[in-house]
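Q: Let's see this in three dimensions:
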Amino acid sequence: MTHPEPHPARDPALRAGATPAMDRPALLAALRARIARMDRSGGLADGTVPLCPAIDQQLPGGGLARAAVHEVLATDPGAAAGFCALVLARSRAPGEGAVLWIAAEPDAWPPGLMRFGLSPADLVLVQAPRRQDAVWAMEESLRCPGVAGALLATEGLDLTAARRLQLAAEAGGAIGLLLRPDAAGDGGAGAALTRWRIDALAGTGGAHDLGDPRWRLELLRCRGGRPGSWDVTWRPAAERLDVDAAERLDMDAAGRFEADVAERPDLDIAAAFPAEEAAGYAARPQRARRRAR
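A: Numbers count the residues shown, from 1 in each chain. Presented below is the predicted three-dimensional model:
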């Protein structure tokens, strides 16, 4: 006995403009098969993803925590995508674990992400037009032991969904990134371990060469740590993230000043230096400390 084809007018999934539901079992089976082919290890033992020493020392554990979800606000979409690619690339050792990029319309360009250390061979792009399907794919990815990192590009996420993703990351051990536009007044995913804002700065090159990418990284919230802000340069040739020189000088000055105060609690700056010098000596480290927070 044959069954007639569903009529578009009677089948909601076939009506004009309707988005068909994702075949979740088939997608899950395909993802597991691909991840099994990519994963040739027993997982990563290190509990953090390193950024650079100046930033890592301000993060609990000395780096960006794995088995956790982190929120990235994109003031500049290209800069934020580059930062996320860098984190995802460093979340895996060679030959260890898969990396997923999940979005309604994934606009990640794999050849471009190679500049930040993320090889297209290690990347799985997942297209999920419906938000509930995208969140489901992210949750399943984070729970999978063969996944090193996963990114979900989304306009926003409610607290319940964010908590489910955090629990999934804790269960699977992967690092999760929530990439969304920097919308003023939006509280965002409160369950995320850290919240970052990423903006672009002028590159290091000239008129016909943009040079190495430069970003402003703002750590807006960090559970167990302090907020901070850094101007950084990504060195593709060395695969290294550097804090800019002026930023390092201010941080060094703040560190020396705090060390002097700790060793000499009776130090009277006003008496030891002329008024103008004392004001400048005290103000520079204070500005550096505010920036570090």
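
Q: For the stretch 51-200 of the chain, just list every one of the helices.
A: Using DSSP state H, counting those that start in this stretch, the helices of the stretch 51-200 of the chain run over 53-56, 77-90, 110-113, 131-143, 159-172.

Q: Mind checking those for the one nearest to Ala191?
A: helix 159-172 (3.9 Å; Cβ to Cβ). Using the backbone N, CA and C atoms, a C-beta is placed for each residue, glycine as well.

Q: Quick one: residues in contact with that closest one.
A: 66-69, 135, 138-140, 142-145, 147, 152, 157, 175-176, 178, 189-193 (Cβ atoms under 8 Å, 6 or more residues apart in numbering).

Q: Make a PyMOL selection of the buried ones in these.
A: Burial among the contacts of helix 159-172 is assessed by 16 or more other Cβ atoms under 10 Å; the matching PyMOL selection reads:
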select buried, resi 66+67+68+69+135+138+139+140+142+143+144+147+152+157+175+176+178+189+191+192+193
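
Q: Give me the subset of the contacts of helix 159-172 that lies in strands.
A: Ala68, Val69, Val147, Leu152, Ile175, Gly176, Leu178 (DSSP state E).

Q: which residues touch the third one?
A: Meaning Val147. Counted by Cβ under 8 Å, 6+ apart, Val147 has contacts Ile35, Gly97, Ala98, Val99, Leu100, Ser141, Gly172, Ala174.

Q: leaving aside the residues next to it on the chain, what's closest to it?
A: Leaving aside its sequence neighbours, Val147 sits nearest to Ala174 (Cβ to Cβ, 6 or more residues apart in numbering; 4.6 Å).

Q: Quick check, pLDDT for the closest residue to Asp244 other than its chain neighbours.
A: Excluding the flanking residues, the one nearest Asp244 by Cβ to Cβ, 6+ apart is Asp231, at 4.5 Å. Here, the pLDDT recorded for Asp231 equals 98.

Q: One more: Leu157?
A: Reported pLDDT for Leu157: 88.

Q: quick one on the thing from earlier: using the three-state scheme, assign the residue nearest to Asp244.
A: Secondary structure for Asp231, judged by DSSP: H, G, I helix; E, B strand; the rest coil, is strand.

Q: Isn't it up against Leu201?
A: Yes. Using Cβ atoms under 8 Å, Asp231 is in contact with Leu201, at 6.2 Å.

Q: Against Leu59, how distant is the residue nearest to Val147?
A: Distance, Ala174 to Leu59, using Cβ to Cβ, to the nearest Å: 18 Å.

Q: More neighbours: which of those two?
A: Per other Cβ atoms under 10 Å, whichever of Ala174 and Leu59 has more neighbours is Ala174, with 30 against 22.

Q: And stretch 47-61, end to end?
A: One end of stretch 47-61 to the other measures 8 Å (Cα to Cα, to the nearest Å).

Q: Sort out which residues of it are buried, please.
A: Buried residues in stretch 47-61 (16+ other Cβ under 10 Å): Thr48, Val49, Leu51, Cys52, Ala54, Ile55, Gln58, Leu59.

Q: While we're on the fifth one, how confident is the model there?
A: Spelled out, that is Ala54. Looking at Ala54, the pLDDT reads 95.

Q: Spatially, what comes nearest to it if we skip its sequence neighbours?
A: Leaving aside its sequence neighbours, Ala54 sits nearest to Val243 (Cβ to Cβ, 6+ apart; 4.4 Å).

Q: do the same with the first one
A: Nearest residue to Thr48, sequence neighbours excluded (Cβ to Cβ, 6+ apart): Gly63, at 2.9 Å.
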